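Q: Structure of the sequence below:
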Amino acid sequence: MDQFRGLFAKLDQNEDGFISVSELKDEMRKHGILSADGKVQNIVDSYDNDKDGLLDYKEFLSYMMDRERKWKIHFHDLDKNKCGEIDQEDIICLFKELGVVISKPNAKKIIQMMDKDSSMTVDWGEFLHYVILNPVDNIGELVSSWKHSLVGSSGATLSGDILC
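A: Sure, this is the predicted structure:
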């Protein structure tokens with residue numbers, strides 16, 4: 001899959017043909033993912049078939065394909081009106097399903113975290129780009145990371161929002 005070849009090259013900072021735990025952690029930190037240490041080790045341990053502590057391209061591709069399959073299902077679940085995009089209303093609905101009230105401005109901030117073309121919607125490509133290096137394993141963890149990002153960015157609790 002050529003779409004992952006460029007990402008592999010970007011992650012392979014020392015250009016040795018492998019991705020190490022530290023290279024993967026560094027890239028995640030650049031994307032604002034700070035609490036990934038244990039998960040990064042688990043990723044490498046799970047996909048490192050030859051147990052050399054590194055991911056070659058084939059091992060990395062296996063990880064990426066698994067992530068893509070898993071998150072495609074979640075994307076379709078999030079896209080309530082089945083239009084091929086996630087919008088603020090989809091985010092509000094997701095939070096409501098999880099028993100959390102979120103304001104429109106905060107739903108907008110979540111969309112903006114993923115929205116690369118400023119359309120105020122998130123298509124599959126944008127969503128995949130956002131979650132592919134985020135080591136969350138399910139929607140609940142993704143929502144928790146969004147809540148953490150919103151609280152962390154404001155330095156306070158979310159005005160008008162109830163966080164569980």
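
Q: give me the element the residue nearest the centre of the chain is part of.
A: Most central in the chain under Cα atoms, centre = their mean is Val131, positioned 2.0 Å from the mean C-alpha point. Assigned by DSSP states H and E, Val131 belongs to helix 124-132.

Q: for the protein, what's the longest helix?
A: Ranked by residue count, the top helix of the chain under DSSP state H comes out as helix 57-78.

Q: Which secondary structure elements does that one sit against?
A: Judged by 3 or more Cβ pairs under 8 Å, 6 or more residues apart in numbering; DSSP states H and E, helix 57-78 is in contact with helix 2-11, helix 37-47, helix 88-97, helix 124-132, helix 139-154. No exception for glycine: its C-beta is placed from N, CA and C like everyone else's.

Q: Can you mark which positions in the helix or strand of the chain with the lowest mean pLDDT are buried?
A: Least confident helix or strand, the chain: helix 139-154 with a mean of 80, by mean pLDDT, DSSP states H and E. By 16 or more other Cβ atoms under 10 Å, the buried positions in helix 139-154 come out as 139, 142-143, 145-147, 150.

Q: One more: stretch 91-111?
A: Result for stretch 91-111 [16+ other Cβ under 10 Å]: buried residues 91-95, 100, 102-103, 106-107, 109-111.

Q: Asp77: neighbour count?
A: Residues lying near Asp77 (other Cβ atoms under 10 Å) number 12.

Q: Wait, it touches Ile139, no?
A: Yes: between Asp77 and Ile139 there is a contact under Cβ atoms under 8 Å: 7.3 Å.

Q: on that earlier part again, as CSV, the buried residues of helix 139-154 with distance to Thr121 would be great.
A: As requested, these are arranged in CSV below (distance: Cβ to Cβ, whole Å):
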residue, distance to Thr121
Ile139, 18
Leu142, 17
Val143, 19
Ser145, 20
Trp146, 16
Lys147, 21
Leu150, 19
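
Q: quick one: which of those residues is nearest to Tyr63?
A: Distances from Tyr63 to those, taken as Cβ to Cβ, are shortest for Leu142 (17.5 Å).

Q: contacting residues for the closest one?
A: 74, 131, 134, 136 (Cβ atoms under 8 Å, 6 or more residues apart in numbering).
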